[in-house]
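*Asks:* Structure for this input, please:
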Amino acid sequence: MTNPDGSLAQYDSPADRTRLHLQGSADRVLMVEGVADATVLREVLPHYAIVIAGKREKVLRAAEELLDAGQKRFVAVIDRDFEPVPEGGDWNEVLFPYEGRDLECMLVELGGLARLIRFKGVDAKVTKAGGPDEVVKRCKLAIEPVTRLRSHARVHEWALAFDRVPIEGKVQAETLALKHLPYCMALVAASDTDLAVRDVEQVASDASVDPGPPRGKDVVAVAAVALRKIAGDLPKAACDPGVLCADLHGYSLLLLRESAWLGQLLHRLSAA
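*Replies:* Below is the predicted model of the structure:
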């Protein structure tokens, strides 16, 4: 019996699919959150089976189920996001988070976004803006208020619908600065919350608070604006943040293959 996507119905949970791959194999299995994670990691780890769980919490739930059954021959790669990563005991043996917040954040830090801007941008514009690394720095600086809000929202359980407010629509094209107040107004309007805009804007604007690493897709959203104006002349359709994220994955593969993170993951996967 099969599911509509052709997969075996009796193996429809991530834990079950992981067990299936482990049967008769000496290799460890890799569990990941989404399709993008699997697509990137298959390019650099072609000889390992990869199971897509769907979301971070599903990866953790499947890992816990496998650990409870005494199974440790897997590695679960997860986003750190703005949530704590389980630590201690068996978790340390099977969890392997990305550096930074997520896959895209790690690839940005490895230099993938700078490489993308260098090849997709206009040389004269990129040079005038200070070079690709400077453009990336400005993109990260632009979304510090958003990063600050994401972190604060997790700690204080603010129900803010970040995914409903595209960052690229609230960034000044000429400066790459985030328009704080319009962004906060849109965020509160899109959320099921009683929070006052002034309170949200105050957190976003508090430069004394270190926001920590950014969410990678937020940085890419600002880069989309940069490639239309200060670093390039691409049409808006070619600068969709989703398209640029896929481009980031491709432009970062060589850097990922040479990264210490991948070396450590390979060591973990090959452990007896």
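*Asks:* Show me how the record splits this structure into domains.
*Replies:* 9-97, 103-255 (automatic domain parsing).
*Asks:* Quick one: the helices in the stretch 51-200 of the chain, in order.
*Replies:* Using DSSP state H, counting those that start in this stretch, the helices of the stretch 51-200 of the chain run over 56-68, 91-94, 103-110, 112-120, 123-128, 132-142, 144-156, 180-190, 197-205.
*Asks:* Let me know how buried residue 12 is, in neighbour terms.
*Replies:* Counted by other C-beta atoms under 10 Å, the residues lying close to residue 12 total 11. Any C-beta I mention is one placed from the backbone N, CA and C, and that applies to glycine too.
*Asks:* For stretch 103-122, list every residue counted as buried.
*Replies:* Within stretch 103-122, the residues scored as buried using 16 or more other C-beta atoms under 10 Å are 103-118, 120-121.
*Asks:* got it, and stretch 265-272?
*Replies:* So, applying 16+ other C-beta under 10 Å, buried residues of stretch 265-272: 265, 268-269.
*Asks:* Among the residues you listed, which lie within helices?
*Replies:* Among these, the ones falling in helices (DSSP state H) are 265, 268-269.
*Asks:* between those residues, which is nearest residue 94?
*Replies:* Nearest to residue 94 out of these is residue 268 (C-beta to C-beta; 8.7 Å).
*Asks:* wait, isn't the closest one in contact with residue 96?
*Replies:* Yes: taking C-beta atoms under 8 Å as the definition, residue 268 is a contact partner of residue 96 at 5.9 Å.
*Asks:* joint contacts of the two?
*Replies:* Common neighbours of residue 268 and residue 96, using C-beta atoms under 8 Å, 6 or more residues apart in numbering, are residue 75.
*Asks:* In three-state terms, label residue 30 for me.
*Replies:* Three-state call for residue 30 (DSSP: H, G, I helix; E, B strand; the rest coil): strand.
*Asks:* Numbering from 49 from now on, please.
*Replies:* OK, 49 is where the count begins now, so the last one is residue 78.
*Asks:* Bridging across strands, which residues link to it?
*Replies:* residue 98, residue 123 (DSSP bridges).
*Asks:* okay, now it: neighbour count?
*Replies:* Residue 78 has 25 nearby residues by other C-beta under 10 Å.
*Asks:* what stretches of the protein score poorly on pLDDT?
*Replies:* Residue ranges of the chain with pLDDT under 70: 49-59, 72-74, 320.
*Asks:* Please list all residues in contact with residue 111.
*Replies:* Contacts of residue 111 (C-beta under 8 Å, 6+ apart): 79, 122, 124, 139, 142-143.
*Asks:* how does it look with 6 Å?
*Replies:* 124, 142 (C-beta atoms under 6 Å, 6 or more residues apart in numbering).
*Asks:* Excluding sequence neighbours, find me the nearest residue to the spatially most central residue of the chain.
*Replies:* By C-alpha atoms, centre = their mean, the chain has its centre lying nearest to residue 150, at 3.4 Å. Using C-beta to C-beta, 6 or more residues apart in numbering and skipping the chain neighbours, the partner closest in space to residue 150 is residue 127 (3.9 Å).
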